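J.: Quick one, fold the following:
(2 chains)
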Amino acid sequence: MIKFLATFLTLYSAATFAILEVTVLKKAEDAFPIVISPFLVKGDAQQGESIAHIMRDNFNRSGEFSASSADYVVSSQVDFDKWQAKKVEAIVIGKLEQVSKKIFNVEIELLDVYSKKTLYAKKFAVHNSGIRRIAHYLSDQIYFALLGEKGSFDTRLAYVTVTNKAQGIREYRLEIADSDAQNPQTILRAANPILSPAWSPDQNKIAYVSFKNGRSEVFIQYPFMRRKTQKLPYFDGIASSPAWHPNGESIVLTLSRDGNKDIYSYHLKEKKLTQLTHDIGIDTEASYSADGERIVFTSNRSGQVQVYIKHLKTGKIKRATFDGSYNAKAVFSPDGKSLALVHRVDRDYRIALLDIATKDLLVMTQNKLDESPFFSPNGSMIIFATNKGDSGVLSVVSIMGHQTFELASKAGEVREPNWSHYSK
Amino acid sequence: MLKATSLITAAVLLSSCSSTVEQLYEKVAPRPSVVTDQENLAATQENVIAPDSSSFRPQEFAGSHSRSAVQNSAASMAVAQLKNSNTKFVLHFSYDGIEIDELATQEVIKHANFMRDNPTLNLRLEGHADERGTREYNLALGENRALAVKEILGLYDLSSRVQVISFGEEKPIAQLHDESAWQQNRRVEFIYQ
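T.: Numbers count the residues shown, from 1 in each chain, chains lettered A, B, ... in the order given. Predicted coordinates:
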């Protein structure tokens, strides 16, 4: 673990970039009250003090917890009655001890205030540079211990920022950051639009659309490696809307080779192109289900813009959306049972959650121009782009329906969010 | 809602830009005041009509046949200027629409004639969409709008000289979030090269 983190973080350079502002908007009514006490720190472990802080922020952003600190470092002698009186249900205590110049021992314990039992405990060594990562990893462990579901903390975001430079001149940046928007890195700057970033399942690559050659083309970047950007072969017309197969070996994308926009998959090693849809209408915005057996895509084949699912084994295509005149850019939930999509309500475009089996459609947002929904890897949240004031921001809504947090940039607009899978 | 409003112009970058196809003709290829006939053609020692001249072609725009040598050199200069001027002609569309109505079709035909009269010119058609709906769908929609224009030009055997690209909703002319801005942004730009 130590070795891995050290390698990982060396590649991940520490330059500072514009950090998105995170605003926690609302917690669930019945948010789980938890105390994450400051860690007991021994030795020169400045970074260590931030562990509890990062964890608290994580839990508060999830919308499902109300995480607070204690006034003092809570150690092994826990006064459970006192915490019961404060209506706290669980408490996290921890210790960070310097054992060599750059190696620290971390100890953590999660206690149930009512049963007085230990729900999770762990002790391990960590490299100095891996402290942030450890805080996210521990957040996932505690989230699981309390809810029986995976968290989405040790993951990353990708998004596009747009700033107005001189009059009429814009700068587009493809950025990545930790799931809490910290540790941001610009991996591409461009004078032309960047669209549709998509993390590969192994988290080592990002596919995206660039107009740098004057037309839309799909590229693959290696954010953590000094490898050249890879460009997919030249296709006549539009090449856009990339999404990865869950095995990471191929990309599904939209091509308009003969002017007609259809969905294709492109196998990266075999360099083989397979056409997945054949329709004279627009077919675009395809993405895979987690098992790779289905793709969902947008098509105007009915005369309206609607969402369709193709079963790749049978080849059958079924329309998935029937409510409203415009449904687009759908993505499967990690369990494959529902879709997050853009749904038009009167004149507004909002994010909706569709139960694929029952066809129940639930509108999740209340704005005018919501787009680009994407699930958190545990499926508990949907991140999307929206307009606030006159600028684009990213917003996150829990699938229970409450808006949980927002990510904004002082420098300009943020759009096109994509959430990585779990770290390995 | 209108299916497709007529071809209007955007005077971009250069204030002295020609604003209509007709004005372009004034500059590039002075139009004969009388419909050309064989006698006129012979008298001006000019080259003859392109053999594949289409019946769609309105006679009054058959400009080049009556150019004098002086006019021709003026015309080629004007064409060179046009290539570099980034002059844009803009055709607007309805919401989620790619249809080009009869009036707009007539305007596109004028461009077809203009291109046939000026064989050194190529045309780039840039398709755009308004901000509503998803970005990737709009990218596809923008291409379909440009392709709808190219289809008309194709009837005049101009396909090989027409390049189509789409920017979807990424390059709006108007930045506001209202119907008038959206209407301006749903467009195909004609850029001569």
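
J.: Show the residue spans covered by the helices in the stretch 1-150 of chain A.
T.: Per DSSP state H, counting those that start in this stretch, the stretch 1-150 of chain A has helices spanning A:2-11, A:50-61, A:80-85, A:131-147. These are given in chain order.

J.: got the ones you listed as CSV, with mean neighbour count and mean pLDDT columns?
T.: Where C-beta positions appear, they are placed from N, C-alpha and C, glycine not excepted. As requested, those are exported to CSV (neighbours: other CB atoms under 10 Å in any protein chain shown; pLDDT from 0 to 100):
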stretch, mean neighbour count, mean pLDDT
helix A:2-11, 14, 40
helix A:50-61, 23, 93
helix A:80-85, 13, 92
helix A:131-147, 22, 94
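
J.: Out of the ones you listed, which is closest to chain B?
T.: helix A:50-61 (26.0 Å; CB to the nearest CB).

J.: Could you figure out how far that closest one is turned away from helix A:131-147?
T.: 50 degrees (axes from the mean of the first three to the mean of the last three CA atoms, to 10 degrees).

J.: can you list the residues that contact helix A:50-61?
T.: The contact list for helix A:50-61 (CB atoms under 8 Å, 6 or more residues apart in numbering or on different chains) reads A:22, A:24, A:27, A:34, A:36-39, A:65-69, A:92, A:94, A:96, A:106, A:131-132, A:134-136, A:138-139, A:142-143, A:151, A:153, A:179-180, A:182, A:396, A:404-405.

J.: can I assume A:Gly214 is in contact with B:Ile165?
T.: Yes. Under the contact definition of CB atoms under 8 Å, A:Gly214 touches B:Ile165, with a separation of 6.5 Å.

J.: Of these two, which one has the most company?
T.: For A:Gly214 and B:Ile165, the more surrounded residue by other CB atoms under 10 Å in any protein chain shown is B:Ile165, and the numbers stand at 19 against 12.

J.: So that one sits against B:Glu126, correct?
T.: Yes. Contact criterion CB under 8 Å: B:Ile165 and B:Glu126 qualify, at 5.7 Å.

J.: Now for these two: what residues contact both?
T.: Jointly contacting B:Ile165 and B:Glu126 under the rule CB under 8 Å, 6+ apart are B:Ala146.

J.: How about the residues of chain B by chain A?
T.: B:96, B:131-137, B:139-141, B:143-144, B:147, B:164-168, B:170-171, B:177 (CB under 8 Å from any CB of the partner chain).

J.: Of those, keep whichever come out buried.
T.: B:96, B:131-137, B:139-141, B:143-144, B:147, B:164-168, B:170-171 (16 or more other CB atoms under 10 Å in any protein chain shown).

J.: From these, which land in helices?
T.: Counting by DSSP state H, those place B:135-137, B:139-141, B:143-144, B:147 in helices.

J.: Let me have those in CSV, extended by distance to A:Arg319 and pLDDT.
T.: Below are these laid out as CSV (distance: CB to CB, whole Å; pLDDT from 0 to 100):
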residue, distance to A:Arg319, pLDDT
B:Arg135, 22, 97
B:Glu136, 19, 97
B:Tyr137, 16, 97
B:Leu139, 22, 97
B:Ala140, 18, 97
B:Leu141, 20, 97
B:Glu143, 23, 97
B:Asn144, 21, 97
B:Leu147, 25, 96
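
J.: Between those, which sits nearest B:His92?
T.: Taking CB to CB as the measure, B:Leu141 is the one of those closest to B:His92, at 13.6 Å.

J.: now the strands: where do they sit in chain B?
T.: Along chain B, the segments classed as strands by DSSP state E run B:8-10, B:88-92, B:123-128, B:162-168, B:187-192.

J.: Would you mind checking the average pLDDT for the helix or strand encompassing A:Phe405?
T.: A:Phe405 belongs to strand A:403-408 when elements are defined using DSSP states H and E. Averaging the model's pLDDT scores along strand A:403-408 yields 88.

J.: Direction included, what does that strand pair up with?
T.: Its sheet considered, strand A:403-408 pairs with strand A:21-24 (antiparallel), strand A:391-398 (antiparallel) by DSSP bridges.

J.: What is the neighbour count of B:Leu153?
T.: By the other CB under 10 Å criterion, the neighbourhood of B:Leu153 contains 21 residues.
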